[in-house]
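>>> just coords:
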């Protein structure tokens, strides 16, 4: 859609005069149509004048038509004297009717013009808002907006410059002279300007300037809203970063301090103590070994988070049996399990899985350690594996307090801990989920039918990933995402 500019003064005068003059030419022949027919044609001339020149042209055309009808077609002809009273009444009625028709018609045309103006503004603003929300760069959005203004108003050139974006410009034709400058202001402060140059064959009128000013106001508000949105997101990121740093400091302080304190106590006892039996010395050394391994796991988790954020958590897959890996992990964690009953359930038809054994070992280790950490001593833990030709599903179930539904997505985020947890860095589940997703699988938590929580992850059996990474969700086994 192109903007229809208002007629100039010369166009208004021509519209007011040309119609009545053309109709008056009918009076030149000696035998012309009846006066009533001529009067109707004059009304048509008034309508055309109102359409082309506006209300004032319509009124002027009705006056000229009235005088022409009196002078050329009402007896006595070629005078402004009216011989019969009924002719005078007819002329007055004609003047009133033609003027009213002209004014009403011009009002309708102006209303249509205003509607087109609002539609034009809405289209350009909607295009601006849509492109801003679509994620396109601001430079491209401003260039497209400048292009739209040039096309609609037939401008030779348009430039848009703001205080926080790169300049955008569109040139349609060669331009000369100084541009019209329209300020971009939002919330009482200038944020830039729009410079426009009229085309050689088209000069901007007052209405066009008003429309461009309105569009400039809408653009300024949109850009200011975008700037504020960016600032809000930046503030949220900074707050989240501060929160993560605080959580990291709190969790790491606890998880590092506890094993270090145990190691220091055991080492001090071995150095200062005398008369230790071989059994007591072995217990101290075992304590040192276990706490060193615990400290090693904390450090590894932090390194894995760094790799996860750097996008370097790429699995090196080897086709392996999941049941053998489960037994290996349980054997390694046997000292932590103490007297807990542990049950392994593996279906007969579970196929081998292409996986990074070290990474899936870490997933199982984190899930089992969580089950040990957050459940009563002596409560049972169950590891189950089922599979099909396309996927293998592994579940680690415990008899603890379970996970509230409102926390079942949040606990898979880094540094997030369940509502019942007061210790730990909150990294184990986040790392486990990232590893599973890197294997093109998925992980979720649900209720254990026998009480407690059941953490489940799936791995595809294909040599290549059969599906893209999927988000963590609170879902029962087999439920959709």
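Yep, that arrived. Note that the structure is a prediction, hence the values are computed from the model and not measured. Numbering: from 1, shown residues only.
>>> which residues in the protein form helices?
9-24, 35-53, 55-73, 85-133, 138-153, 206-272, 278-309, 322-332, 334-337, 357-373, 428-438 (DSSP state H).
>>> Residue 402: which of those helices is closest?
When the helices of the chain are compared by Cβ to Cβ, helix 357-373 sits nearest residue 402, at 11.7 Å. Using the backbone N, CA and C atoms, a C-beta is placed for each residue, glycine as well.
>>> elements contacting that closest one?
Applying 3 or more Cβ pairs under 8 Å, 6 or more residues apart in numbering; DSSP states H and E, we find helix 357-373 packed against helix 278-309, helix 322-332, helix 334-337, strand 381-387, strand 391-397, helix 428-438, strand 453-460.
>>> Now render those as a markdown table, adding distance to residue 352, mean neighbour count and mean pLDDT.
Converted to a markdown table, those look like this (distance: least, Cβ to Cβ, whole Å; neighbours: other Cβ atoms under 10 Å; pLDDT from 0 to 100):
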| stretch | distance to residue 352 | mean neighbour count | mean pLDDT |
| --- | --- | --- | --- |
| helix 278-309 | 25 | 15 | 77 |
| helix 322-332 | 8 | 16 | 91 |
| helix 334-337 | 25 | 13 | 83 |
| strand 381-387 | 9 | 20 | 94 |
| strand 391-397 | 9 | 22 | 94 |
| helix 428-438 | 17 | 23 | 86 |
| strand 453-460 | 11 | 23 | 94 |
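>>> May I see the ones you listed organised as CSV, with distance to residue 50 added?
CSV is the format used below for those (distance: least, Cβ to Cβ, whole Å):
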stretch, distance to residue 50
helix 278-309, 70
helix 322-332, 86
helix 334-337, 94
strand 381-387, 83
strand 391-397, 76
helix 428-438, 70
strand 453-460, 75
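>>> longest strand in the chain, by residue count?
strand 189-198 (DSSP state E).
>>> if we look at stretch 94-113, which residues are touching it?
4, 39, 42-43, 46-47, 49-51, 54-55, 57-59, 61-63, 65-66, 69 (Cβ atoms under 8 Å, 6 or more residues apart in numbering).
>>> Next, count neighbours for residue 197.
22 (other Cβ atoms under 10 Å).
>>> residues touching it, list them.
Counted by Cβ under 8 Å, 6+ apart, residue 197 has contacts 155, 156, 157, 158, 175, 177, 179, 180.
>>> how about the fifth one, phi and psi?
In this case it means residue 175. phi -120, psi 160 (degrees, to the nearest 10).
>>> isn't it right up against residue 158?
No - between residue 175 and residue 158 there is no contact under Cβ atoms under 8 Å: 10.1 Å.
>>> does residue 383 really touch residue 330, like I thought?
Yes - with contact defined as Cβ under 8 Å, residue 383 reaches residue 330; the gap is 7.3 Å.
>>> so what sits against both of these two?
342, 344, 368.
>>> got a pLDDT number for residue 6?
Residue 6 is assigned 59 on the pLDDT scale.
>>> whoops, I mixed them up, residue 154
Model confidence at residue 154 (pLDDT) stands at 75.
>>> Give me the neighbour count for it.
19.
>>> What distance do you get for it to residue 141?
To residue 141, residue 154 is 22 Å away according to Cβ to Cβ, to the nearest Å.
>>> Need the contact partners of stretch 51-66.
Contacts for stretch 51-66 (Cβ under 8 Å, 6+ apart): 6-7, 11-17, 19-21, 23, 42-43, 45-47, 49-50, 91, 94-95, 98-99, 101-103, 105-107, 109-110.
>>> avg pLDDT for it?
pLDDT averaged over stretch 51-66 gives 88.
>>> domains in the protein, as residue ranges please.
9-114, 133-236, 318-460 (automatic domain parsing).
>>> closest to residue 269 out of these?
Comparing the domains of the chain by Cβ to Cβ, domain 318-460 comes nearest, at 19.8 Å.
>>> Endpoints of that closest one, how far apart?
13 Å (Cα to Cα, to the nearest Å).
>>> Below-threshold pLDDT in the stretch 351-481 of the chain: ranges please.
Scanning the stretch 351-481 of the chain with the threshold set as pLDDT under 70 gives 414-426, 463-481.
>>> Of residue 175 and residue 158, give the one with the bigger neighbour count.
Between residue 175 and residue 158, residue 158 has the larger neighbour count (other Cβ under 10 Å), namely 25 against 16.
>>> My read is that the more buried one contacts residue 146, right?
Yes - the pair residue 158 and residue 146 qualifies as a contact (Cβ under 8 Å) at a distance of 4.3 Å.
>>> Overlap of the contact sets of those two?
Common neighbours of residue 158 and residue 146 (Cβ under 8 Å, 6+ apart) are 169, 170.
>>> How much space separates residue 325 from residue 318?
11 Å.
>>> what's the overlap in contacts for the two?
Going by Cβ under 8 Å, 6+ apart, residues that sit against residue 325 and also against residue 318 are residue 357.
>>> residues in contact with residue 451?
By Cβ under 8 Å, 6+ apart, the contact set of residue 451 is 399, 402.
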